[in-house]
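S.K.: got a structure for you, letters missing:
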Ligand SMILES: NC(=O)C1=CN([C@@H]2O[C@H](COP(=O)(O)OP(=O)(O)OC[C@H]3O[C@@H](n4cnc5c(N)ncnc54)[C@H](O)[C@@H]3O)[C@@H](O)[C@H]2O)[C@@H](O)CC1
Ligand SMILES: Nc1ncnc2c1ncn2[C@@H]1O[C@H](COP(=O)(O)OP(=O)(O)O)[C@@H](O)[C@H]1O
Ligand SMILES: [K+]
């Protein structure tokens with residue numbers, strides 16, 4: 001796991017590394033700037049391309065000056081630096097790099113407060129005005145310059161953080177900030193890059209290692225963690241010789257109505273493909289033919305109107321409830337029966353979440369370690385309206401702890417909040433997956449992993465990763481615009497096999 005830090009901790013990490021590696025501050029800046037250049041030259045190999053650097057007078061600006069010098073050493077020959085002298089103060093490392101840059105043939109212009117911004121005919125812009133030191137929304141000269149840069153409509157590469165964009169905490173609505181095509185960020189993605197508010201400002205990002213002390217970073221015990229492939233490889237267990245279907249658990253999916261049988265089929269199919277030893281679907285009688293023809297592997301318990309289905313609760317390693325279930329009185333009665341009779345962790349999705357939202361007293365009666373899988377709207381119905389994702393992130397952590405549940409808050413970088421007070425950001429998945437039924441598939445995977453005896457938090461983190469990874473394997477190499485849930489399901493065994501290889 002990659003711990004994600006807030007700005008204050010990032011500063012502490014820099015200071016600790018400087019004091020204990022030890023390395024001088026200006027050499028750490030040099031290392032960061034070289035790491036930036038290492039990535040930049042691959043993406044922008046044309047050395048004759050005019051590039052303008054906009055540099056502030058703090059350490060982010062210092063990085064900009066160092067990057068310009070290093071690119072000059074690499075024979076980039078149309079480099080212009082504009083220094084925004086909007087503050088009387090400048091950092092020591094800025095000053096040192098300013099002296100070094102003057103020794104090169106890079107053109108340097110100074111932009112004073114209130115003066116006209118010079119015309120810019122470059123093709124690429126490097127934004128090194130402000131970084132993680134941002135402490136208030138942009139106004140005055142900074143705002144004017146940032147608006148000017150955004151209006152140029154050129155490719156902007158931001159150093160560490162787009163100027164004006166808060167790395168963590170609530171992002172003010174309509175904030176003035178650089179709209180970057182690419183952010184090359186130091187050490188770790190900033191937490192707000194992983195939330196939807198970043199969309200206008202961060203088209204894509206790349207984190208480059210600058211050697212901040214890992215020991216120190218881990219000692220901070222950050223609640224925010226970024227899940228990487230190696231983490232999943234560590235938890236995923238192989239299937240053994242002499243194992244049988246009983247080894248891998250029995251999932252019961254309680255889902256579907258006549259018109260939403262698809263949701264039941266997708267979640268059951270996903271459970272079977274994600275390795276549940278046995279899968280049973282509890283579906284309306286009218287859906288039996290569909291189930292038997294679409295999924296001969298899956299067994300059925302049928303539901304009749306006004307009759308509670310007979311369920312042998314102990315037979316099932318886990319129960320998932322909700323996809324396409326509906327929200328009528330019968331669905332509510334069924335949910336209450338499940339909660340009353342089943343004592344192992346439940347997976348709760350879709351309509352079952354909406355029923356919980358309308359009957360909040362049920363939330364506190366769920367078996368410990370149960371898993372909720374809301375998307376944003378379901379989340380707000382459960383826990384109240386939120387005006388931004390930072391608030392939602394905080395609520396997910398608080399509620400997971402308070403209710404002793406795991407909460408999978410679905411999004412681009414889906415967040416799993418656990419009773420231990422952590423929030424894990426997923427790193428797989430893509431917009432081709434934004435298609436109806438995709439959440440039903442996730443529910444099936446979570447249930448299958450729980451049935452295979454993974455702990456609830458691990459089952460969530462793995463399911464979300466595998467779901468997104470299967471989507472990536474299908475969409476990315478083929479540049480597919482849409483991946484349908486049924487197609488993603490058939491990829492699951494391939495994805496899981498690759499992760500174990
Ligand atoms: N040794 C270090 O500390 C390292 C720092 N690095 C760079 O340093 C950056 C952070 O540098 P700084 O802490 O100097 O901060 P910045 O360069 O981001 O900002 C400079 C100063 O601008 C002022 N400021 C903040 N918000 C403002 C606003 N809205 N309007 C006007 N002024 C504002 C603050 O006083 C702030 O300290 C990182 O983003 C990264 O680029 C890297 O070089 C890695 C090593
Ligand atoms: N842009 C995206 N990037 C990554 N994952 C996505 C994206 N869009 C959708 N997904 C994933 O697809 C799933 C959609 O779930 P949900 O909204 O509940 O769908 P449905 O209710 O149709 O089944 C979630 O797991 C979500 O993370
Ligand atoms: K910047």
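M.R.: On my side now, so go ahead. Predicted, not measured: the structure shown is a model, and the values here were computed from it. Ligands and ions are numbered 1, 2, ... in the order given.
S.K.: Name the secondary structure element that contains the residue in the stretch 251-400 of the chain that ligand 3 sits nearest to.
M.R.: Using C-beta to the ion, the closest approach of the stretch 251-400 of the chain to ligand 3 is made by residue 390 at 20.3 Å. The C-beta positions use only the backbone N, C-alpha and C, and glycine is treated the same way. Assigned by DSSP states H and E, residue 390 falls within helix 389-403.
S.K.: how about the nearest residue to whatever residue of the stretch 51-200 of the chain ends up closest to ligand 2, chain neighbours excluded?
M.R.: Nearest to ligand 2, among the residues of the stretch 51-200 of the chain, is residue 196, at 9.6 Å (C-beta to the nearest ligand atom). In space, and not counting its chain neighbours, residue 196 is closest to residue 389: 5.6 Å by C-beta to C-beta, 6 or more residues apart in numbering.
S.K.: That neighbour contacts residue 198, correct?
M.R.: No - between residue 389 and residue 198 no contact is recorded; they are 9.2 Å apart, counting by C-beta atoms under 8 Å.
S.K.: What residues does the stretch 1-150 of the chain have near ligand 3?
M.R.: 60, 127, 131 (C-beta under 5 Å from the ion).
S.K.: could you flag which of those are buried?
M.R.: 60, 127, 131 (16 or more other C-beta atoms under 10 Å).
S.K.: mind checking the SS state of the residue nearest to the first one when sequence neighbours are not counted?
M.R.: Excluding the flanking residues, the one nearest residue 60 by C-beta to C-beta, 6+ apart is residue 131, at 3.3 Å. In three-state terms, and counting by DSSP: H, G, I helix; E, B strand; the rest coil, residue 131 is coil.
S.K.: sorry, back to before: which one of residue 389 and residue 198 has more residues nearby?
M.R.: With neighbours defined as other C-beta atoms under 10 Å, residue 389 and residue 198 compare such that residue 198 has more, 26 against 21.
S.K.: give the contact list for the nearest residue to that one once chain neighbours are set aside.
M.R.: Excluding its sequence neighbours, the residue lying closest to residue 198 (C-beta to C-beta, 6+ apart) is residue 192, at 5.6 Å. By C-beta atoms under 8 Å, 6 or more residues apart in numbering, the contact set of residue 192 is 165-169, 171, 198, 390.
S.K.: Show the contacting residues for the most centrally placed residue in the chain.
M.R.: By C-alpha atoms, centre = their mean, the chain has its centre lying nearest to residue 413, at 2.0 Å. Contacts for residue 413 (C-beta under 8 Å, 6+ apart) come out as 194-195, 425-427, 429.
S.K.: Near ligand 2, which residues of the stretch 201-350 of the chain? Just list them.
M.R.: Residues of the stretch 201-350 of the chain lying close to ligand 2 by C-beta under 6 Å from any ligand atom are residue 350.
S.K.: Disregarding flanking residues, what is the spatial nearest neighbour of the closest residue to ligand 2 within the stretch 201-350 of the chain?
M.R.: Closest residue of the stretch 201-350 of the chain to ligand 2, C-beta to the nearest ligand atom: residue 350 (6.0 Å). Counting by C-beta to C-beta, 6+ apart, residue 322 is the residue found nearest to residue 350 once chain neighbours are left out, at 4.2 Å.
S.K.: Next: residue 102.
M.R.: The nearest residue in space to residue 102 (C-beta to C-beta, 6+ apart) is residue 108, at 7.1 Å.
S.K.: mind checking the SS state of that neighbour?
M.R.: strand.
S.K.: Look up the residues forming beta bridges with it.
M.R.: residue 81 (DSSP bridges).
S.K.: burial count for it?
M.R.: Neighbour count for residue 108, taken as other C-beta under 10 Å: 17.
S.K.: pLDDT value on the residue nearest to residue 204 when sequence neighbours are not counted, please?
M.R.: In space, and not counting its chain neighbours, residue 204 is closest to residue 182: 5.7 Å by C-beta to C-beta, 6+ apart. As predicted, residue 182 sits at a pLDDT of 98.
S.K.: From the structure, what's the count of residues near residue 182?
M.R.: For residue 182, the count of nearby residues is 20 (other C-beta under 10 Å).
S.K.: In this structure it contacts residue 201, no?
M.R.: No - counting by C-beta under 8 Å, residue 182 does not reach residue 201; the two are 11.5 Å apart.
S.K.: sorry, back to before: burial measure for the residue of the stretch 201-350 of the chain closest to ligand 2, as a count.
M.R.: Neighbours of residue 350 using other C-beta under 10 Å come to 25.
S.K.: ok, now residue 178?
M.R.: Neighbours of residue 178 using other C-beta under 10 Å come to 26.
S.K.: Quick check: the gap between the residue lying closest to residue 286 once chain neighbours are set aside and residue 294.
M.R.: Counting by C-beta to C-beta, 6+ apart, residue 286 lies nearest to residue 258, which is 4.6 Å off, once chain neighbours are set aside. In this view, residue 258 and residue 294 are 15 Å apart by C-beta to C-beta, to the nearest Å.
S.K.: More neighbours: those two, which one.
M.R.: residue 294 (18 against 13).
S.K.: Which residue comes closest to that one once chain neighbours are left out?
M.R.: residue 265 (5.2 Å).
S.K.: again, but for residue 172
M.R.: residue 137 is the one closest to residue 172 (C-beta to C-beta, 6+ apart), at 5.7 Å.
S.K.: can I assume the one you found sits in a helix?
M.R.: No - going by three-state DSSP, the assignment for residue 137 is coil, not a helix.
S.K.: and it, what does it touch?
M.R.: 164, 172, 175-176.
S.K.: Equivalent analysis for residue 268, please.
M.R.: Residue 268 is in contact with 251, 253, 255, 279, 281, 291, 295, 298, 444, counting by C-beta under 8 Å, 6+ apart.
S.K.: For residue 474, the count of nearby residues, please.
M.R.: Residue 474: 22 neighbours (other C-beta under 10 Å).
S.K.: my guess is it contacts residue 487, does it?
M.R.: Yes - in this structure, residue 474 is within contact of residue 487 by C-beta under 8 Å, at 6.4 Å.
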